[in-house]
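Asker: Sharing a model prediction with you, sequence too.
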Amino acid sequence: MAKLELKNLNKTYTPKVIPVKDLSLSVNDNEFLTLLGPSGCGKSTTLRMIAGLEEPTHGQILLGSEDITFKRPGDRNMAMVFQSYALYPHMSVYENLASGLKLKKTPRAEIQQRVTEVAQLLGLEDLLHRKPGQLSGGQRQRVAVGRALVRRAQVYLLDEPLSNLDALLRERVRADIKQIFAAQKVPVVYVTHDQTEAMTLSTKVAVLNNGYVQQLDPPERIYNNPANLFVAGFVGSPQMNLLTLPCQESYAILGDFKVLLPDIQTVPPQIVLGIRPEYVRVARPDDTQTIQGRVYLVENLGMYNLVSVRVASSDSEPVSVRALLPTDQNWSDVEISLALPPQNVHWFDVNSGDALRN
Amino acid sequence: MAKLELKNLNKTYTPKVIPVKDLSLSVNDNEFLTLLGPSGCGKSTTLRMIAGLEEPTHGQILLGSEDITFKRPGDRNMAMVFQSYALYPHMSVYENLASGLKLKKTPRAEIQQRVTEVAQLLGLEDLLHRKPGQLSGGQRQRVAVGRALVRRAQVYLLDEPLSNLDALLRERVRADIKQIFAAQKVPVVYVTHDQTEAMTLSTKVAVLNNGYVQQLDPPERIYNNPANLFVAGFVGSPQMNLLTLPCQESYAILGDFKVLLPDIQTVPPQIVLGIRPEYVRVARPDDTQTIQGRVYLVENLGMYNLVSVRVASSDSEPVSVRALLPTDQNWSDVEISLALPPQNVHWFDVNSGDALRN
Amino acid sequence: MKNILLWGAIALVVVFCLAPVMWQLLTSFKFNQDIAAVPTVYFPTRITLNHYIELFNRRPFWRYILNSAFISIISTTLSLALGAPAAYALARLRPWGSKAILGGIFIVTLFPGILVFLGLLEIIQRLHLGNNYLALIIPYTAINLPLTILVLRSFFQQLPKDLEDAARVDGYNTLQMLIQILLPMTLPALVTTGILTFIFAWNEFIFALTFITREDMKTIPVAAAQLGGASAFEIPYGPLAAATIIGTLPLVLLVLFFQRQIIQGLTAGAVKG
Amino acid sequence: MKNILLWGAIALVVVFCLAPVMWQLLTSFKFNQDIAAVPTVYFPTRITLNHYIELFNRRPFWRYILNSAFISIISTTLSLALGAPAAYALARLRPWGSKAILGGIFIVTLFPGILVFLGLLEIIQRLHLGNNYLALIIPYTAINLPLTILVLRSFFQQLPKDLEDAARVDGYNTLQMLIQILLPMTLPALVTTGILTFIFAWNEFIFALTFITREDMKTIPVAAAQLGGASAFEIPYGPLAAATIIGTLPLVLLVLFFQRQIIQGLTAGAVKG
C-alpha cells in the first residue's frame, strides 16, 4: 500500500502538441482521484503516463518512495480498465481474468481461487467459459473490471469505463464501482469527461484543461467553490449561468438591474457573474437582490423546469438567465421576478477567469 | 400544413425479428412528438418508415388525408436529420444545403435566398464554402439541421441529432432546436434514447419498448403518471425506486415497515412500489409513512446527494431505497428515518407491470 | 531499440524490392562496355541515351505504347463497369448467398492462368479472334474481375448507409444518387482498383505473346522481350533496360497523377462525413 | 426491379468468371472422341478417368506436385515472415515517411514482371542458381512482398491499440504480446495473404519454365503445359484439362480448409473486442 505522486509531469509530442504541460498531484491509499476534463485536456495522456504506456518528457512519477517514471508497465503492479474494455477476443472470460496472473507465474491453484473470488464478486460465475464476443456490453465491462481486480494491484487506473454503457446501466454500475474500489483501500485514478461520474465517485477531483490542473479539491468544493470560470462552466448540469456584466461603482449592471459587487479593492470595468440555475428562485417580498424578465423557453427536466428568462433591459443586447423552477406552475411566456441570493453568487475576473474571493 | 398519422404500423423482417409490432399515433401541426426508448425498441424503424426509407409490412401512414405509405421518400416533402449527420463529404456546406432544392428545380435566386436565410439563423454564414470534413462536430450538426430547414418541409424527422455532441454543447443545442422547430409550426418527430431530451423538447412523448407504444402523453404525465413499470424505470434520472414487496392485508411489507396499499379490489400476494428518489425525504414528526435504515452509499450530484439506504429488516434479504437529500449534511453511514409521501408513491402490478390507479 | 529493429526490417524489405528496379534504371543509361564490364560496374561514371534513341529508331515503339494503352484502358473500363455494380450489390443487399458468391469468386482466382489460358486459346481459335484486340481485352477483364469485386465490395461496405438514405430523402433517384453522391466518394477505390487492372493489362506477357502475332498490334512487354531479335545468344541488355523503363514510365506517371486518390483508396476508412 | 437488375449483373459476372473453369472440368472427364466432336459436346453423356490415370503413369506427376508445394510453402512463409513485421511497423509507428514508403512499395508493383525477369535471369546465371529452388523462391517472395505488406498493414491498422496496451499493463513483453495476443487475432489476415502468395507461387509459369530445366525439379504448371510433348500440332486437350484440375485441386482444398479464416480476413473489421 503506497502513495502515488506525480511531480511536474510534462508530455511534449511536438512544440505545438503538448497534451500535458505541468501537472503535479498525489493520491493516497483509500483515495479515489478523478481526472475530469473535456476531450484533449490531457487526462488520458496523464493516465497513460502513470500506467507506463507513455514516457513523460519531464517530471517524475513516484509510488511510495520509489521512482517508477521509466519502469515498464508490466513491472508497476498497476491494473488498468480501458474504455474499450480491451478484452482479448480469442480468450475465454476465465483466461482473460487469469492472463495477468499466469504471466507472474502465480501457482495454478491460487489463480483459480482468485478468479473465482472476483467472478463471484462481479456475478461472472456463469460466464467464465464464454468468449468476450458472446457477452453484452455490461458483462464485458464487468469482465474488464474483474481483470483489473484479480491482479490485486497497488494502484488501479480506470479510463472512462462507463462511457459505453446506456444511461440506466451506467447509474447502477457507477454505484457498484464506487463500492468495489472503496473496498480495495489503495489509490484509484479515474478518468472521465462526465462531471456526474466525477462528482459521485471521487474523494478528490482534479479538473484539467489545456494540460494544466485547474482545480484539485473534493467534489463539494469543486461544485460550490469553483476556482475559475472553466471549472464553474464545466461542472454542474444544467450549466451555471455565466454573465459578463459591466460594472458601475460597486454594482454590476444586469439588464435594468444592479447586483452588489463583492468587497474587492478596485472595481474593474467588467466582471463575470456566476450563479447556478438551482439557486435562482422566484423572488419573495423580503429578497433584496432581484431581477425581472420574461420567460422565453421552458425545458421540462421532470423534477424541475429549466426556465430561460430574458432580463428586462433598456439596452440593445438582452441578457438571459436560466433558473430551475418547480413544475407545479406553467411558466411559458410569463413575466417573472427572480431572486439571486448573494451567498450563491460567484464572481470571476474577466481576463484571468479566476474566482474573486473576498 | 397537415397532420401526420400512423395507423397500426408493423414491420416484420423475419418471424423472429419484428422491430415494430403495432404502432398507432398522430402528430399535428405545432406538435413535437418524441419517440423515446432503449436501443432495439423500434423507434428508428418507425422513423424510417415515416420517411419512406423502409416499407411497413402492415399499416398505413397518412399525411393530411393522403395515404403516403408507399410513396417514394423524395416525393414526401419531409426533411430528416440523421444521427451521423450524413453530410455529403465532397460538397461544400452551401451545396449540401442547396442539394435538395436543386433537385426540385427551385430557381437559383430562391435557392440562394433560402440558403442565406437558414445560414443566418444557424450562424453558418462564414462556413458556406467549407467542406464538412473541415467542420467541428457542433458545426456539422448545425449544417445537418440547416439542410432539413432549407427544404421547408411538411414534416421534420430527427434521428438522435444530439448524440454525437458533448454534454455542455448538447444542453445549448437542445434549447436551440426547441426554439427553431417550434417556429416551423409543422409536425416534428424526434427519436432519442435520452429521456432528458425527450422531456425537455417535446409536447408529446411516445415511450416505445419491444415494438409497442408503452405510453403516449405529454412529458409531465409521462414523468408523474407512468403507465407501467417500463416507463417508470426508463424515465427520470436518478431512476425511480422500484421495489417488489409482499402484501399483508392492506399493507405492503417494506423491511420491518408497512406501507398502506391503495384502494384496490383484491390484494395480490406481491406488488411493486415505485417512488422517485427526489420525493423520498428525511422524516418529519408529522409524517405517517416512514421507514428506517442505514446509509451505505452516498453519491454527490452537486445539487443533491443521492443516498442509498439499506432498510432495517429482520428478514434475510435487505431492501434498499435511494433518496435525494440536501448536501448540507454528511450522510455517510448514518442511521436515518425517511418519509414516503403517499401522494408520490406509484403502485404497479407485479405480473403485467401496469400501474394500479384507484 | 525496438524501433531500430523495425526500421531495419523496413529498410531490408525496401532494398529487396527496389534493387532489381534500380538495376534496370542504371543499366538503361550505361554504355555497352560498362554493361559487359567485369567486375560489374554498379554506378556508371558516364551515361548515354543511345539505348532509348535506338529503341524508337529501329522499331515502331510508339505504336506498341498505343496498343498497350488501348487494350489496358478498355479492359480497365470494362472490369470497373462490370465489377462496381456487382460489388455494390454484394455489399448493400447482403443477400443470403453473398458468402457463397464471394467464395466462388475466390475459387476462380485459384485456377492457374497459364492452364485456363490453353482452354482460352482453343476458344480464340474457334472464334477466329487471333490478332484481334478482343482476344486480350476479354481475358484481361475476366482475370481482373474477381479482385475488382472483392476490393470494391469492402470499400462499399465502409460507405455509411446514412448518406444514401439522406440522398433519397433529399429526392435523388437511384441513378442520380449513384452518380452524384456515391461515385465521387468511391472515386479513390475505383482509381486504385482500376490502376491495378491497368497495370496487369499493361504488363501481361503470355496472352499478348500468343494471341497477337501481327507486328503492328504487339504490346510493349512482348515487343521489349523480343528485342533480342537476330542472335539468341547475345542479350541486348541496354535496349532491354531502356524498354523496361519506357514501358514502366506511363504507369509511374499514371500513379503519380492519381496519387491522392490512391493514398485515400489504400487508407481504409478515409471517407468521413 | 432494382434487385433483379443487380442480381442479373451478379449472375453475368459469375458465369463470365466460371465458364472457362467449368469447361476444363468437363473436358477432363470426356472421351477423346467427345472432345474432338463437331458440333461441340458441352455436357458429356459418358465419362472417363483415363486422362487422370495416364497423367500419373506417363509422368512423375507426384514429383511435380511436391516441387510446387515445396517452393510455394517456402516462399509464402518467407513473404509473411518479412512482410508482417514491416507491415506492423508501418501501421503502428506511423512514421513521417510511411506515406513515402507506401508509395515506393506501390511503384515497385508497377514494373512488368516479364522485363524485370530478364534482369533476374542475368543474376541467376551469374550466381549459378539455375536449376536451384532458390531461383524461384527468391523472386516469388519479392514479387509478393508489396501486396503482403499493403494488405497486412491495413489489417494491423484496424486492430485496436488498446489491446496492446492492455497486454503491456498485464505484463506481456513484446514477444509474448506478438505471439499470444496479436498473432491469434491476425491469423485471418495472415492466412488470406499467405494463400494469395501461395496461389501465385503455385501457378507461376514463366520463371519456373526458364530457371528450372531439370525434369525432376519442374513445377505443375510447366509440366502440364509441356504435356504436348512429341507433336506440337496436336494439343492433348484431355490430359491437359486433367492436369489443370489436379494442379488446382490442392489450392481448392487449401481454401476450403482455411475458409473460415479467409472469410474473416476478407470481411474487414471482423475483430471485435
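Answerer: Right, received. Where do you want to start? Numbers count the residues shown, from 1 in each chain, chains lettered A, B, ... in the order given.
Asker: Contact distance from chain B - what residues of the stretch 51-200 of chain C qualify?
Answerer: Residues of the stretch 51-200 of chain C found near chain B (CB under 8 Å from any CB of the partner chain) are C:160, C:162-163, C:165-173, C:176, C:181, C:184-185. Bear in mind the C-beta positions are built from the backbone N, C-alpha and C, glycine included.
Asker: Kindly supply the PyMOL command isolating those of those residues that are buried.
Answerer: Buried residues among these (16 or more other CB atoms under 10 Å in any protein chain shown), as a PyMOL selection:
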select buried, chain C and resi 160+162+163+165+166+167+168+169+170+171+172+181+185
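Asker: Which of the residues of the stretch 51-200 of chain C next to chain B fall within helices?
Answerer: Counting by DSSP state H, those place C:162, C:163, C:165, C:166, C:167, C:168, C:169, C:170, C:176, C:184, C:185 in helices.
Asker: now, among these, which is nearest to chain A?
Answerer: Taking CB to the nearest CB as the measure, chain A lies nearest residue C:162 of these, at 21.0 Å.
Asker: Surely that closest one is in contact with residue B:87?
Answerer: No - assessed by CB atoms under 8 Å, residue C:162 is found out of contact with residue B:87, at 9.7 Å.
Asker: Reformat the ones in helices among the residues of the stretch 51-200 of chain C next to chain B as TSV; add pLDDT and distance to chain A.
Answerer: Output for those, formatted as TSV (pLDDT from 0 to 100; distance: CB to the nearest CB, whole Å):
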residue	pLDDT	distance to chain A
C:162	90	21
C:163	91	25
C:165	92	24
C:166	93	26
C:167	93	31
C:168	92	30
C:169	93	28
C:170	92	30
C:176	87	38
C:184	85	31
C:185	84	27
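Asker: Which pair of those residues spans the longest distance?
Answerer: Greatest spatial distance in these: C:169 and C:184, 18.8 Å, computed using CB to CB.
Asker: secondary structure class for the closest residue to chain D within chain A?
Answerer: Here the residue of chain A nearest chain D is residue A:74; by CB to the nearest CB that distance is 3.4 Å. Using DSSP: H, G, I helix; E, B strand; the rest coil, the secondary structure recorded for residue A:74 is helix.
Asker: count of neighbours near it?
Answerer: 20 (other CB atoms under 10 Å in any protein chain shown).
Asker: Quick check: it vs residue A:87, distance?
Answerer: 18 Å (CB to CB, to the nearest Å).
Asker: do residue C:66 as well
Answerer: Counting by CB to CB - residue C:66 and residue A:87 are separated by 59 Å.
Asker: returning to what we had before: filter the residues of the stretch 51-200 of chain C next to chain B by proximity to chain D?
Answerer: Restricting those to those near chain D - CB under 8 Å from any CB - leaves none.
Asker: And the helices in the chain, which stretches?
Answerer: Just so you know, I chose chain A. Under the criterion DSSP H, helices of chain A are mapped to A:43-51, A:93-103, A:108-122, A:137-149, A:167-182, A:195-201, A:219-224, A:229-234.
Asker: try chain C instead
Answerer: According to DSSP H, chain C carries its helices in the segments C:2-29, C:32-36, C:50-58, C:61-93, C:98-108, C:113-126, C:134-158, C:161-170, C:174-176, C:183-203, C:206-211, C:220-225, C:237-257, C:259-266.
Asker: Deepest in the core, which of those helices is it.
Answerer: Compared across these, helix C:220-225 shows the largest average neighbour count, a mean of 24 (mean count of other CB atoms under 10 Å in any protein chain shown).
Asker: Now do it, average pLDDT.
Answerer: Helix C:220-225 shows a mean pLDDT of 83.
Asker: Quick one: residues contacting residue C:50.
Answerer: C:31, C:238 (CB atoms under 8 Å, 6 or more residues apart in numbering or on different chains).
Asker: if we can go back for a sec, show me the contacts for the residue of chain A closest to chain D.
Answerer: A:103, D:168, D:169, D:170, D:171, D:172, D:173.
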